[in-house]
Each structure stands twice: as structure tokens, then as C-alpha cells.
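# Just need the structure, nothing else, for what follows:
(one chain, ligands or ions: 2)
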Amino acid sequence: MSKRAIISGITGQDGSYLAELLLDKGYEVTGIIRRASAPNLWRIEHLIGKVALRPADLLDQLSLMRVIDDVRPTEFYNLAAMSFVPASWDQPMLTGEFNSQGVTRVLEAIRQVDLKVRLYQASSSEMFGKVREVPQTELTPFYPRSPYGVSKVFGHYITVNYRESYGLFACSGILFNHESPRRGLEFVTRKVTDGVARIKLGLADSLSLGNLDACRDWGFAGDYVRAMWMMLQQDQPDDYVVATGIAHSVRDLVDAAFARVGLDWQKYVRVDPAFLRPAEVDHLIGDPAKARTVLGWHANVDFKRLIEMMVDADLERVASAPPARIGNPA
Ligand code: NAP
Ligand code: G4F
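Ligands and ions are numbered 1, 2, ... in the order given. Prediction:
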């Protein structure tokens, strides 16, 4: 009998890659989508007809219970979240509803309907914030620096708590930044690669950014969803850091992206204080030793290849898009 998985957040970057991976492995995949006034399926258009889509929302307990009861999944991947850090200062309470209580609702739904469902919870390196040690491991204390980071700490510990209280097979992946051509345009990697494509094609003459000194451990989303699946195939539930172990600054990112199209970034990039954050996470670098040893996971795509892949995809998309549709191809 084929395995059944539910993915919350299937319309997001990670959800789309995870759906592809699970379909390849023979899973029946159901994606949770929330109602929007306009279609928001551009990342999974190629999967329509291969995945089932069901309406539910992290804000609505009964909708989660109903979908679990109907589908009876073997695995539930909770990827849905308000994931953009700056927006969490604008809407801290809603961020908590999605990323903290939303996780509790998923856990409760599983507990009430079928305790055997295995759960993956999308925890984040943003929880390390003002880092207490370098590199960060599963044992590094958290010091979140944004409402988003705080909300994810709650989501992380409530998952641990349900594992310890009720014996739920629940794993948290503490994933460091991971990117792809499907990344939202507001995140710095995609903002830069999209900006480079527009400048190269003569559609823009500058790119405004915030803190160029911030460092992140950037990997490829396609590699990271593999780690999510691996966690749920183990004999015991546990938490894992997923990272490349190599950090780069935003300045390195800009340099690599402009170099891909033969331009000198210093002629185009402006620093705009509007993109600085009330509190910054200066430097994240993860130690993926446990994921490597226990899961056998490793990243296939390095930073340079990732940025080249994203620049190339944005060049192609911007060059072929009619003017009104330049942006996310929704
Ligand atoms: P993303 O592209 O922003 O996708 C977020 C998804 O969550 C979207 O499908 C969105 O649906 C859905 N969603 C938001 N609120 C919802 C709600 N109330 N009910 C149901 N669905 C809701 O994020 P991502 O980059 O794929 O990240 C996936 C998860 O990993 C998130 O939890 C994120 O916080 C976490 N994470 C990401 C990274 C990273 O570097 N990408 C690193 C660590 C952790 P709509 O399409 O309707 O908006
Ligand atoms: O790309 P970012 O917006 O990602 P951030 O804040 O690290 O969060 C992402 O990774 C987390 C994992 O650590 C996830 F949990 C979270 O959901 C999300 O996927 O910003 C990266 C860095 C920051 O230090 C920011 O200050 O880039 C710096 N930056 C500089 N200029 C900018 C900009 N970020 C954005 N978004 N836009 C800029 O213009």
C-alpha cells in the first residue's frame, strides 16, 4: 500500500519541492491550501492532477482535524507559516497565531484523530538569533531576535512537548536558510537575483538593499526537503540541524550574482535604511554533523551553484515575461 502524506504550505517554496520528492517516491500527496481571492498555485501548476488539494487553515482547528480524518495520512509535513521575518514586526500577533498556535492546532488534530501520524515541524535557524555558540548545533541555546523567531521557538518546543507527553512521532528540522528559483521575491537571495536579471536586461538601473554585512548559511531547497523526509523514516523521532556548514555575507551574495552576468555590483547596489531591521541576526552558520551521521544527509548544491541557478532562472523568466507579468509568475 502506498504511503500517504499531507503537506501544509504546499503552495510555498518548500512545499512544492517536497511534493515532487514524495510523488517520486510513490506517495499519495494531499496539499492543504487556504482560500485566496486569486489563484496562488504558480509553484505547483505542474503538479495539478498529481496531488490532491484540500482547503484548510492553520487558524481553523476543525479544518485540520477534518482533513487528517479524511486522508488518514502516514506522514504530515507542517510547512505552513508566516515565513517573512520583517512582516513579523508588522503583525506579531498573527505571526504567533500561525507559527505558534498553528503548530499546536496541528499537534492537537493529530492527537485527537490518529496518534500514529508522523509529523515534521518546520523549525528555523532564526531561533538561534543572537547566537550563543558558533557553529550552531541541536544543543545550542535559542536567542530569537524577531517575533518570527520567538514564534518558531514556541512551535519547536510544543512539538518536543507533544513527543514527550503523548509519544507522538514528531521531528523538528532546524533548517538554515534555503533558496531556489521558487523563493519568494521579498527574500534577499531572490530579490538580488531578480534585480540582477532586470538590470542586465535594461529594465532597472539599481538595486536597494539593507544590511550587506549579515551572514547566512545558504543552501538549496531541493536538498533540504530530502532531509525532512529522511527524518520521518527513522526508527526514533528526533530534531536535526540542516545546513551546509558554510556562511556567506549578503555582500558575497551580491558579488556572486552580479558576477554571473559580468557586472560590477558596486555600480548598481544602494543601501537603503528602510530595509534594516529593528533587531538583526548577524551571523548564522550551522553544524549538520548529526544529520550527516544519523540520516546520511548532505547538501548537493553549493552556494556558487545555487546563486548561478537562481540568476539563470530569473534571466530566463524576466526575458520571456510580458511586462505586466514581471514578478512572481502567479
Ligand atoms: P513560504 O514559501 O513562505 O511558504 C509558506 C506556506 O505557508 C505557503 O504555502 C502559505 O500559503 C502557507 N500558509 C501560510 N499561512 C497559512 C495558514 N494560516 N494556513 C495554511 N497555510 C498557510 O515558506 P518556505 O520557504 O517554503 O518555508 C516553509 C517552512 O519552513 C515555513 O514554516 C518556514 O517558516 C520554515 N523555514 C523556512 C526556511 C527557508 O530558508 N526557506 C528556513 C527555516 C524554516 P499561501 O500560498 O496561501 O500564502
Ligand atoms: O532573506 P532574508 O529575508 O531571510 P531571513 O531573515 O534570514 O529568514 C529566512 O531564513 C530563516 C532561517 O534562518 C527562515 F526561518 C525564514 O522563514 C526565512 O526563510 O534575509 C537574510 C538577511 C538578513 O540578515 C537581512 O537583514 O539578508 C539581509 N538583507 C539585506 N538586505 C535583506 C535585505 N533581506 C531582505 N529580505 N531584503 C533586503 O533588501
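# quick one: the helices in this structure?
Counting by DSSP state H, the chain has helices at residues 13-24, 61-71, 85-90, 92-96, 102-113, 147-166, 188-200, 221-232, 250-260, 289-290, 303-320.
# Please convert those to TSV, extending it with distance to ligand 1.
For the C-beta atoms, the positions are set from N, CA and C on the backbone; glycine is no exception. As requested, these are arranged in TSV below (distance: least, C-beta to the nearest ligand atom, whole Å):
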stretch	distance to ligand 1
helix 13-24	3
helix 61-71	9
helix 85-90	9
helix 92-96	9
helix 102-113	6
helix 147-166	7
helix 188-200	9
helix 221-232	6
helix 250-260	14
helix 289-290	17
helix 303-320	12
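# Out of those helices, the one nearest H178 is which?
With respect to H178, and counting by C-beta to C-beta, the nearest of those is helix 221-232 at 4.3 Å.
# Of all the helices of the chain, which one is nearest I48?
Closest approach to I48 among these is made by helix 13-24 (10.8 Å; C-beta to C-beta).
# burial measure for the one residue in the stretch 1-150 of the chain that gets nearest to ligand 2, as a count.
Closest to ligand 2 within the stretch 1-150 of the chain is S124: 3.2 Å, counting by C-beta to the nearest ligand atom. When neighbours are counted by other C-beta atoms under 10 Å, S124 registers 25.
# so who does it touch?
148-149, 152, 174-175 (C-beta atoms under 8 Å, 6 or more residues apart in numbering).
# Over to A319?
If a contact means C-beta under 8 Å, 6+ apart, then A319 has 197, 201 as its contacts.
# Would you mind measuring from it to R305?
Plainly put, A319 is 21 Å away from R305 if you go by C-beta to C-beta, to the nearest Å.
# and if you look at V160?
Applying C-beta to C-beta, the value for V160 to R305 is 34 Å.
# Which residue of the two possesses the greater neighbour count?
Ranked by neighbour count (other C-beta under 10 Å), V160 and R305 place V160 first, with 16 against 11.
# Test my guess that the more buried one contacts S172.
Yes - under the criterion of C-beta atoms under 8 Å, V160 makes contact with S172 at 7.0 Å.
# what's the overlap in contacts for those two?
With C-beta under 8 Å, 6+ apart as the test, V160 and S172 both reach D239.
# thinking again about what came up before, can I get the helices of the chain in JSON lines including mean pLDDT?
Output for the helices of the chain, formatted as JSON lines (pLDDT from 0 to 100):
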{"stretch": "helix 13-24", "mean pLDDT": "99"}
{"stretch": "helix 61-71", "mean pLDDT": "98"}
{"stretch": "helix 85-90", "mean pLDDT": "98"}
{"stretch": "helix 92-96", "mean pLDDT": "98"}
{"stretch": "helix 102-113", "mean pLDDT": "98"}
{"stretch": "helix 147-166", "mean pLDDT": "98"}
{"stretch": "helix 188-200", "mean pLDDT": "98"}
{"stretch": "helix 221-232", "mean pLDDT": "99"}
{"stretch": "helix 250-260", "mean pLDDT": "98"}
{"stretch": "helix 289-290", "mean pLDDT": "98"}
{"stretch": "helix 303-320", "mean pLDDT": "98"}
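# Can you report how many residues neighbour I68?
When neighbours are counted by other C-beta under 10 Å, I68 registers 22.
# For the nearest residue in space to it that is not next to it in sequence, which residues are in contact?
Leaving aside its sequence neighbours, I68 sits nearest to V113 (C-beta to C-beta, 6 or more residues apart in numbering; 4.6 Å). Going by C-beta under 8 Å, 6+ apart, V113 touches 65, 68-69.
# List the contacts of the residue lying closest to S83 once chain neighbours are set aside.
The shortest distance from S83 to any non-neighbouring residue, by C-beta to C-beta, 6+ apart, is to G12 (7.1 Å). Neighbour list for G12: 43, 79-80, 83 [criterion: C-beta under 8 Å, 6+ apart].
# Show only the entries of the residues you listed found in strands.
If you go by DSSP state E, these have nothing in strands.
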